[in-house]
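**Student:** predicted model and sequence follow; I will ask about them next.
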Amino acid sequence: MSRSNFCANCGARLSGKGLRAWLAGARCINCTSSLGVKPTKLLILMAIIAIAAFAFGRYLRPGPPPLVIHRSANSPLSDLPVSLDAHTNAASTLNSNNIQASLRTHDPVYMCGARTKKGTPCRRRVHAAGERCYQHKGMPAMVPLEKLTIKPDAPKK
């Protein structure tokens, strides 16, 4: 980047090559003091200093403390180390038992049935007859209760 060698206002020779010369631009010391420093260059310099200070502060920040979970003295959980292999095996058998139990239940399932923005009945499943889903609480059903009941399929043997 080239710099001018003479002042833009009075034509005097410029000799400075440091930060003051960069802030003053193409003016000599006398013209700079009479006209003042351009605020844009000063703002840029202040922004660079602020960003550097922020980055330095982030660099010096200590890491987060370790996660410590406190339990009460009468907790039923064991203090022994956890074996991940045993945990995954137990979870898979528990999952398969839950799926089989849910397939065996013959409890009726209900739909929400409230009018949606589209104009059709909502098809979300709810726990009991006459209930609405979280989105349609307080709204009436569009269809009678018999049509809101989802009958379970016949059990397969």
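**Tutor:** All right, it came through fine. Residues are numbered from 1 along each chain as shown.
**Student:** need the helices for the protein, in chain order.
**Tutor:** Using DSSP state H, the helices assigned to the chain run over residues 19-24, 29-35, 39-60, 84-104, 145-148.
**Student:** could you tell me the least trusted of those?
**Tutor:** Ranked on mean pLDDT, the bottom entry among those is helix 84-104, at a mean of 55.
**Student:** confidence score at Arg13?
**Tutor:** According to the model, Arg13 scores 80 on pLDDT.
**Student:** my guess is it meets Phe6, correct?
**Tutor:** Yes. With contacts defined as Cβ atoms under 8 Å, Arg13 counts as touching Phe6 at a distance of 6.0 Å. Any C-beta I mention is one placed from the backbone N, CA and C, and that applies to glycine too.
**Student:** these two - which one has more neighbours?
**Tutor:** In this view Arg13 and Phe6 are compared by other Cβ atoms under 10 Å, and Phe6 has more residues nearby, 13 against 8.
**Student:** mind listing what that one touches?
**Tutor:** Listed by Cβ atoms under 8 Å, 6 or more residues apart in numbering, the contact partners of Phe6 are Ala12, Arg13, Leu14, Ala26.
**Student:** again, 7 Å this time
**Tutor:** Applying Cβ atoms under 7 Å, 6 or more residues apart in numbering, we find Phe6 in contact with Ala12, Arg13, Leu14.
**Student:** Cys7 now?
**Tutor:** In this structure, Cys7 makes contact with Leu14, Ala26, Arg27, Cys28, Cys31, judged by Cβ under 7 Å, 6+ apart.
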